[in-house]
Every structure is written in C-alpha cells, then in structure tokens.
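Colleague: Got a predicted structure here, sequence first:
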Amino acid sequence: MSLLEVRNVSKIYEGSIENKVLDNIRFQVKDGDFVGIMGPSGSGKTTLLNAIATIDPPSSGDIRIRGNNPYLMDAKEMALFRRRELGFVFQDFNLLDSLTVEENVVLPLTLDNIPLSAMNSRLEEVIQTLGIEPIRHRMIHEISGGQRQRTAIARAMIHHPSIVLADEPTGNLDSKSSKDVMMMLQQMNEQEHATILMVTHDVMAASYCQRVIFIKDGKLYNEIYRGENRQAFFQKIVDMLALLGGDRYDLTTARL
Ligand SMILES: Nc1ncnc2c1ncn2[C@@H]1O[C@H](COP(=O)(O)OP(=O)(O)OP(=O)(O)O)[C@@H](O)[C@H]1O
C-alpha cells in the first residue's frame, strides 16, 4: 500500500462562475519518497496540498494516508490525525516569536503529551542533524531566514510524521540559504527515510526531489524522475517548465 494515495481528486469552487481548480488528479507517494509538485501560477498546487493536508476537502475523489481517509473522521480525530501523521513546512516559517528555537522544535511533542525523556533524545537527534545546536536557545528574531527554516524543518520532523508537506520552503530565502535548506531536506529524506511532498516554483529546490509532478490547469500533466544526476534532472525540469508555459518561471535566471 502506498503511504499517500490521491485518488481522482477534483475540486470545484462554486461562485458566480463555477471554477474547476483540480480535475481528476491521481498519483501515489510511497514511504521514503521525496516528491515535488510544480506548475504555473493558478494551476492548483496549493489547492492540492491543502486537500492532502486535511485543510480543504476535495469536491470528489479521495485522499488516503496510510489507508485512512481523514475526511471521514470527526473534527477531533482529524485534528489528532493531522498532528500525528503530518508535518508542515511553510514559506514564511510559521514559528512562534515568543519561544526559543528549541521550544519551537518540541512544540508538536508538547501538544501530544509525549514524555520528557522520549522528547529529549529525539530533540537532540533533530537538533544535531539540522545543525541548529549553536542557536538552540536563541529567540526566533535573533536568527537568519535559513536558520528559521531549519528550525521549522526540525519541528516538522520531530514527531516522525508519516509525510511532511512543504509549501514553497525556499520562497523567502536567498539562493545560498535555499540550497542549504534543500540539502537538509534531502538529508532528512535519506537518513531518516522521511517522506516529503513539496510545492515549489524553484527549479533548484525541485532538483533535490526524486520525482517531480507537473500540474497544468488543474490536471496532471507529466512526471519525471531524477536518477543519479541532479544537474541533468535540473535541466529536465527547466525543459518541462518551458513546455508547460506560465508566468512565474523565469527560466533564464534559474541556477543549479
Ligand atoms: N477559496 C477559493 N475560492 C475560489 N477560488 C479559489 C480559492 N482558492 C483558490 N482559488 C482559485 O483556484 C485556482 C488555483 O489556485 P492555487 O492557489 O491552488 O494555485 P497555485 O498553483 O498554488 O498558484 P500559485 O503558484 O500562484 O501559488 C486559482 O485560479 C485560484 O484563483
């Protein structure tokens, strides 16, 4: 069984004009996959991610995570499911400014009443892996954007979620910090077998994925696999985006 199954998902926003934003999307993500989602602005990427994140239900089709359909759960079960099974990484980090780095990282465990002993060993593990040991006691406003995103990744992964959903994780970072953050995500994927699904406009970021799914006008357009060579994959992504068209990809400035 796949970890995530997106089964014929469509989404229609009702309004003065009916707007079909997702049209029969179907794909699977296996344990340990690192998958990117790309597509022109307005193609439905965030809508799809929100449907998987249990934030906004599909109009038809279903989402299964480890065989469970979260939309069949009551509100309490769904909140618990979201907290235990999912990890989130956002473009604007979504950290709590009034807490330290370390306090932000342990937040999901605290919310779940995990014992302090279990919390400490896991905390040390993620703090070391993500290289945030030297800043663990700093407040969020005292650290850089790249360090904030590392902190957010640590928070997303501390409870070993089934899948980490990342929405433009490099969107607010310079190119050096973006690379750094992508290398961290890759490391978590390789070392901890973390399963990651990431929406991005950033070709460099997408080139770290094992697979990239392309969406156009709410439909699955194509998917490509990385193989060994990231440079060749980067070029394949650039070529695919050129075919896809759209307004948010300035492919002349895309850098590996
Ligand atoms: N709540 C809503 N009500 C009505 N239409 C919506 C709503 N949310 C999104 N849309 C429309 O759905 C379409 C897809 O939006 P979505 O944000 O999923 O695209 P996207 O691919 O993530 O775009 P971007 O790359 O610009 O972030 C757009 O046409 C958008 O205007």
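Modeller: Here it is on my side, so go on.

Colleague: residue of the stretch 51-200 of the chain with the smallest distance to the ligand?
Modeller: Per CB to the nearest ligand atom, Val199 is where the stretch 51-200 of the chain lies closest to the ligand, at 6.6 Å. C-beta coordinates here come from the backbone N, C-alpha and C atoms, glycine included.

Colleague: any idea how far Glu103 is from that residue?
Modeller: Look at Val199 and Glu103: by CB to CB, to the nearest Å, they are 28 Å apart.

Colleague: ok, these two, which is more surrounded?
Modeller: Each of Val199 and Glu103 has its neighbours counted (other CB atoms under 10 Å); Val199 has more, 23 against 17.

Colleague: Correct me if wrong: that one contacts Lys45.
Modeller: Yes. Contact criterion CB atoms under 8 Å: Val199 and Lys45 qualify, at 4.6 Å.

Colleague: what is in contact with the two at once?
Modeller: Both Val199 and Lys45 are in contact with 37-38, where contact means CB atoms under 8 Å, 6 or more residues apart in numbering.

Colleague: Name the spans of the stretch 101-250 of the chain whose pLDDT lies under the cut-off.
Modeller: The model of the stretch 101-250 of the chain has pLDDT under 70 over residues 246-250.

Colleague: Helices of that one, start to end?
Modeller: For the stretch 101-250 of the chain, the helices defined by DSSP state H, counting those that start in this stretch cover 101-111, 116-129, 145-157, 175-192, 203-206, 230-244.

Colleague: what's the closest of those to His137?
Modeller: Among the helices of the stretch 101-250 of the chain, the nearest to His137 by CB to CB is helix 101-111 (6.5 Å).
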